[in-house]
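>>> sequence and predicted structure are below.
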Amino acid sequence: MKKSVLIVEDDALLAEVYQKSLKAEGISAVVANDFFDALAEFRPGQHSLIVLDIMLGEKNGFELLKTLRRQPGGDRFSVMIVTGLNTDELNMNKELMVGLNIVGIYTKSQFSIAQFVGLVKHHSRAK
Amino acid sequence: MLFDYDYFNFILSELVGRIASDQLIIEDALGPSDIKATTPRLIKTLVKRNKLNIDLASQLLFISRQIGDFSIRTANLVEAIALAESSFQGVTVRISTDRVKPLVDVMGEVRAISSIIRIILDVIILEDLRAKDLSIGLRRRGDYVTVRVGGSQALSANQFLKDVVDFVDKLIKTYGGSIRFVNYQGQRVVFIRMQLSNQIPLLYNK
């Protein structure tokens, strides 16, 4: 079965750009715009990668990862963090990332769409 | 007034990141990249969003420079609103002052209040980028006046927009005002409450 990428991003426009760019490269992607949406869209074992934004509203991306990990099959996915937070803010939350299968942390303003697609391909294959 | 510089820096760095990120996507779409993730409609929307984000950044920077000047003074609200809406492109902003006298003086500085209203207009258009007709209404009661901004859809504003509203709410509290960002039957409505300046003597004599 072909696995899909789960994009968790509260910016609907950006999520659409990510989804379309992956689709153009033959990668299927599902979009979730918030914590609860992501819980509903998550299918254990069916995602090659989760592209995760941290600032999601009332509950953040780290809380989402912890909740997903508690689900059956919740330990079998890789996570690529794509965030607007800067390195200092992420360093302050380092302890929250312990034990989570985070394959990369990227700042939104530091890569182009072509690089984004390349990274998703790379991390999906590495899994 | 205690200005929350950490909060301000957080909002500004997030905003600058958004501008840069959208700019990269726009340049990608217009450049020679093999991956065309965007349609003309999407590009148009991203350009519009970037303009609004840039305006938001400039208003926030302006407000931050005014902080030392947030002393008690009087501002004409109608003048402040006119300044705020004067340069919006592609969006009509209708102002209704039927329920108040033409001269509504509130506590605050006219440019700062105008900037706060402008930030609220930016935020509601950023939430609903298809909004075309916004309305600003004034209602005067006892010792305060409420500015009601509406005309767009409530499309579950993201956390960043809520943070911006929260930030300007803290600023306007300096003038004894407050901001409510509500979803009224699927419509986004923002109420900005401001103290009328006839309250100044009462404050001074407390």
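Nice, I can see it.

>>> which non-adjacent residue is nearest A:Lys23?
Distances taken as Cβ to Cβ, 6 or more residues apart in numbering or on different chains place A:Ala29 nearest to A:Lys23, at 6.7 Å, with adjacent residues excluded. In short, each C-beta sits where N, CA and C put it, glycine included.

>>> which residues does that neighbour contact?
If you count contacts by Cβ atoms under 8 Å, 6 or more residues apart in numbering or on different chains, A:Ala29 has them with A:4-7, A:18-19, A:22-23, A:51.

>>> just the buried ones from those residues?
The neighbour-count criterion (16 or more other Cβ atoms under 10 Å in any protein chain shown) marks A:4-7, A:18-19, A:22, A:51 among the contacts of A:Ala29 as buried.

>>> now the residues you listed as TSV including secondary structure, pLDDT and distance to B:Arg18?
Compiled in TSV, the buried ones among the contacts of A:Ala29 are given as follows (DSSP: H, G, I helix; E, B strand; the rest coil; pLDDT from 0 to 100; distance: Cβ to Cβ, whole Å):
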residue	secondary structure	pLDDT	distance to B:Arg18
A:Ser4	strand	90	26
A:Val5	strand	93	22
A:Leu6	strand	94	22
A:Ile7	strand	95	17
A:Tyr18	helix	92	15
A:Gln19	helix	93	18
A:Leu22	helix	92	21
A:Val51	strand	94	17
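
>>> the lowest-mean-pLDDT helix or strand in chain A: what's the following helix or strand?
Least confident helix or strand of chain A, by mean pLDDT, DSSP states H and E, is helix A:87-92 with a mean of 67. Note on helix A:87-92: by DSSP states H and E, the next helix or strand toward the C-terminus is strand A:102-107.

>>> off-centre distance for the very next helix or strand once past that next one?
Per DSSP H and E, the first helix or strand lying C-terminal to strand A:102-107 is helix A:113-126. How far helix A:113-126 lies from its chain's middle: 12 Å, per Cα atoms, centre = their mean, to the nearest Å.

>>> buried stuff in helix A:113-126?
Buried, per 16+ other Cβ under 10 Å, within helix A:113-126: A:113-114, A:116-117, A:119-121, A:123-124.

>>> considering the residues you listed, which is situated nearest to A:Gly73?
Using Cβ to Cβ, the shortest approach to A:Gly73 within those belongs to A:Ser124, at 17.3 Å.

>>> if I read this right, the closest one contacts A:Ser4, doesn't it?
No - proximity of A:Ser124 to A:Ser4 does not meet the contact threshold set by Cβ atoms under 8 Å, at 9.7 Å.

>>> shared neighbours of these two, which are they?
A:27, A:48.

>>> helices and strands around the helix or strand hosting B:Phe8, which ones?
For B:Phe8, the host element (DSSP H and E) is helix B:5-30. Of the remaining helices and strands, those touching helix B:5-30 by 3 or more Cβ pairs under 8 Å, 6 or more residues apart in numbering or on different chains; DSSP states H and E are helix A:12-24, helix A:113-126, helix B:40-66, helix B:159-172.

>>> list the buried residues of the following helix or strand past the shortest one.
What it means is helix A:12-24. Moving toward the C-terminus from helix A:12-24, the next helix or strand (DSSP H and E) is strand A:29-32. For strand A:29-32, a neighbour-count test (16+ other Cβ under 10 Å) marks A:29-32 as buried.

>>> looking at the helices and strands packed on helix B:5-30, which one has the lowest mean pLDDT?
In terms of mean pLDDT, the lowest-scoring of the helices and strands packed on helix B:5-30 is helix A:113-126 (a mean of 86).

>>> other residues contacting it?
For helix A:113-126, contacts defined as Cβ under 8 Å, 6+ apart pick out A:3, A:5, A:17-18, A:21-22, A:25, A:27, A:48-49, A:51, A:78, A:80, A:82, A:103-104, A:106, A:111, B:24-25, B:28, B:33-35, B:37.

>>> what residues does chain A have near chain B?
Counting by Cβ under 8 Å from any Cβ of the partner chain, chain A comes close to chain B at A:10-14, A:16-18, A:20-21, A:24-25, A:33-34, A:55-57, A:84-86, A:89, A:107-109, A:111-114, A:117.

>>> cutoff 6 Å now
A:10, A:17, A:20-21, A:24, A:55, A:57, A:84, A:86, A:108-109, A:112-114, A:117 (Cβ under 6 Å from any Cβ of the partner chain).

>>> burial of B:His3, as a residue count?
I think there's a mix-up here, since residue B:3 is Phe and not His. Neighbourhood size, B:Phe3 [other Cβ atoms under 10 Å in any protein chain shown]: 15.
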